[in-house]
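Asker: Need a 3D model of the sequence below.
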Amino acid sequence: MKSKKILYILIALALFGSGCKKALDLKQQGVYSSTNYFRNEVDAVNAITGIYSILPEEDYIGHAEATFDTPSDDYWRSGDHGEDEGIENLTYDASNAAIRYPWKWRYEEINRATNCIINIPKITAISTDVKNRSMGEAYFLRAFGYWRLMIIHGDVPIITEDDYTKLNFNVPKSPIEEVRKQIESDLLKAVDLLPESYGAADRGRVSKGTALGLLTKLYMYWEKLPQAIATGQKVISNSNYALAPNYTDNFTRANENSTELLFSIQAVQNVVQNDFTVYYIPRPWGGYGFSQPLQGLANEFEANDPRKAATLLSVGDKVDLGDGNGLTTFTADLSATGFAFKKYAVFNSAADGGGVDHSFAVPLMRSADIYLLVAEAMIRTQGAGAGDALINQIRHRASPLLPPVSGAGMTQLIHERRVELAGEDQRHQDLMRWDKAKIVDIAAIYNLPVSKAPIDQSKTVTFVRPKNYYFPLPQVEIDKSKGVLVQNPNF
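Answerer: Sure, this is the predicted structure:
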């Protein structure tokens, strides 16, 4: 998103320039607050950009949110964050640091979005198109903050516009049904206000398709399957959100222009580091080596499925790190499981200086996800085979050599979501919602030992219902609330 990148660069240059002067040499030019900042169109656009800028935060989408998928049978957590072990094994308590880290960033996103929702309508020096777009972005981004809170914690506090105006942020939890209604309300407004697509200068901003996609996901988690079908079809039928011609197109530097990317983390080389990609890349290659794929995920791919090679790095694979030394071999010592996620191992060319590519747009939601959610809803409401056409579009895009499904039921759908969305933080939540619907037995799946070959280790996770459907609220937030917040049951 070029407008975001320009803002990042201006901020970076301002910080760099100010570092050359003593504080006493600086003359204060003004003091801005919500009451005097929102003056014109530029202020509105920059305020919205400030919401997006939260996404790459290491303790938010940049890494911390991905930790909540590590209990799944797709990953071994790896890495050196001791708190992640409790999340992976479901042995955490409310004081676990990984539970605490992203809480403030979700609410920071909500607060910034609410600030825009309150103040942008007051601006007169702004075009109708930019005002509508900005309001739509604010509604979507607020909905996304509540979405992550709801997915992880269930019942959470809702901060209303009135609360925000009164600076009343210490409010009790709302039931999950009310949180879902809040998300739905914001997304419906976003759908009405956002454009279907953008020009080159604004690529990366959320669109009408982004809001429709998240609304489809909300309805699936809400078990409102007919609404999910109707909403998702609006994404599937719109060419602005078409599948990329090739699966691997979604995981290249050029992907920020892909119609399939409904929502992504944007970053800028040497300005804003994209920690999401760094965490998945082996340490000797400039990453941190977290979330290593397990053999069971590798086994899930069919023999003729090229998504395996596009998704996983296996021992013996060759990668160009852009270091001028040609191709580098992925060796066994680079991973405890024998695998890493290739879809996030994106590097600059030697001509661009090599190293990890931070300009790669990390997909947070793809059209393919919505295709498969609609297929699932059709299977569950109309019977086996009802989702065949959509599943086969996903499979044929992966490879014409993959045999088409016929009469596919949930077994085939579950397989397709696992291989299509591997490493995109969907597996654990998928399994939990299917368990609630009595489609799978998540406890049985997780209690099976999962080998992390070639190292002689195994992973078993004990899933306890209903305790582990949601994570606790951070204990520090409970303490700060002085009795206003009540902890989730079983914690």
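Asker: check contacts around H63.
Answerer: For H63, the contact set (CB atoms under 8 Å, 6 or more residues apart in numbering) comprises D275, F276, Y279, F290. (Glycine included, C-beta is placed from N, CA and C.)
Asker: List the contacts of the third one.
Answerer: By CB under 8 Å, 6+ apart, the residues touching Y279 are H63, A66, G79, G287, Y288, F290, S291.
Asker: Which residue, other than its chain neighbours, is closest to the last one?
Answerer: Same thing as S291. Ranked by CB to CB, 6 or more residues apart in numbering and with sequence neighbours excluded, the top spatial neighbour of S291 is Y75, at 5.0 Å.
Asker: doesn't T67 fall inside a strand?
Answerer: No: read with DSSP: H, G, I helix; E, B strand; the rest coil, T67 is helix and lies in no strand.
Asker: residues near it, how many?
Answerer: 25 (other CB atoms under 10 Å).
Asker: so it touches Y92, yeah?
Answerer: No: using CB atoms under 8 Å, T67 is not in contact with Y92, being 10.2 Å away.
Asker: which neighbours do those two share?
Answerer: Common neighbours of T67 and Y92 (CB under 8 Å, 6+ apart) are A98.
Asker: pLDDT at M1, what is it?
Answerer: With respect to pLDDT, M1 has a value of 39.
Asker: same question but for Q269, I mixed them up
Answerer: 76.
Asker: Over to G409?
Answerer: Value for G409, per-residue pLDDT: 98.
Asker: Nearest spatial neighbour of it, chain-adjacent residues omitted?
Answerer: Using CB to CB, 6+ apart, the nearest residue to G409 is A384, at 4.1 Å.
Asker: G209 too?
Answerer: Closest to G209 by CB to CB, 6+ apart is Y241, at 4.2 Å.
Asker: how far away is that neighbour from Y37?
Answerer: Look at Y241 and Y37: by CB to CB, to the nearest Å, they are 34 Å apart.
Asker: Looking at the two, which one has more neighbours?
Answerer: Higher neighbour count among Y241 and Y37: Y241, with 26 against 15, using other CB under 10 Å.
Asker: which residues touch the spatially closest residue to Q475 that is not a sequence neighbour?
Answerer: Using CB to CB, 6+ apart and skipping the chain neighbours, the partner closest in space to Q475 is A94 (3.9 Å). A94 makes contact with P472, L473, P474, Q475, I478, Q487, F491, according to CB under 8 Å, 6+ apart.
Asker: who wins for most neighbours among the residues you listed?
Answerer: Greatest neighbour count in the contacts of A94, by other CB under 10 Å, goes to L473: 26 neighbours.
Asker: Show me where the stretch 1-150 of the chain has its helices.
Answerer: Secondary structure of the stretch 1-150 of the chain (DSSP state H, counting those that start in this stretch): helices at 2-18, 34-37, 41-52, 82-89, 97-119, 128-153.
Asker: got the angle between the third one and helix 97-119?
Answerer: Translated: helix 41-52. Interaxial angle, helix 41-52 versus helix 97-119 (axes from the mean of the first three to the mean of the last three CA atoms, to 10 degrees): 160 degrees.
Asker: Using PDB, write out every CA atom in helix 41-52.
Answerer: Extracted in PDB, the C-alpha atoms of helix 41-52 (Å, rounded to 0.1, in the frame of the first residue of the first chain):
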ATOM      1  CA  GLU A  41      -8.600  14.700   4.200                       C
ATOM      2  CA  VAL A  42      -4.900  14.200   4.800                       C
ATOM      3  CA  ASP A  43      -5.400  13.900   8.600                       C
ATOM      4  CA  ALA A  44      -8.200  11.300   8.000                       C
ATOM      5  CA  VAL A  45      -6.100   9.200   5.700                       C
ATOM      6  CA  ASN A  46      -3.000   9.400   8.100                       C
ATOM      7  CA  ALA A  47      -5.200   8.400  11.100                       C
ATOM      8  CA  ILE A  48      -6.500   5.400   9.200                       C
ATOM      9  CA  THR A  49      -2.900   4.500   8.200                       C
ATOM     10  CA  GLY A  50      -2.100   4.600  11.900                       C
ATOM     11  CA  ILE A  51      -4.500   1.700  12.500                       C
ATOM     12  CA  TYR A  52      -2.900  -0.400   9.800                       C
END
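Asker: That one versus helix 128-153: what angle between them?
Answerer: Using the same axes, to 10 degrees, helix 41-52 lies at 20 degrees relative to helix 128-153.
Asker: Check which residues of helix 41-52 are buried.
Answerer: E41, D43, A44, V45, N46, A47, I48, T49, G50, I51, Y52 (16 or more other CB atoms under 10 Å).
Asker: Closest one to N304 out of these, please.
Answerer: Minimum distance to N304 across those is 39.2 Å, recorded for Y52 (CB to CB).
Asker: isn't that closest one right up against Q266?
Answerer: Yes: using CB under 8 Å, Y52 makes contact with Q266 at a distance of 7.1 Å.
Asker: Count the neighbours of Y146 for me.
Answerer: 26.
Asker: Over to A200?
Answerer: Look at A200: counted by other CB under 10 Å, it has 7 neighbours.
Asker: quick revisit: quick check: phi and psi at the residue nearest to Q475.
Answerer: The phi/psi pair for A94 (degrees, to the nearest 10) reads phi -70, psi -10.
Asker: separation between it and R100?
Answerer: 9 Å.
Asker: Kindly report the same for K189.
Answerer: According to CB to CB, K189 stands 31 Å off from R100.
Asker: next one: N111
Answerer: Distance of N111 to R100, given as CB to CB: 18 Å.
Asker: Low-confidence regions, the chain specifically.
Answerer: For the chain, the stretches flagged by pLDDT under 70 are 1-34, 272, 449-458.
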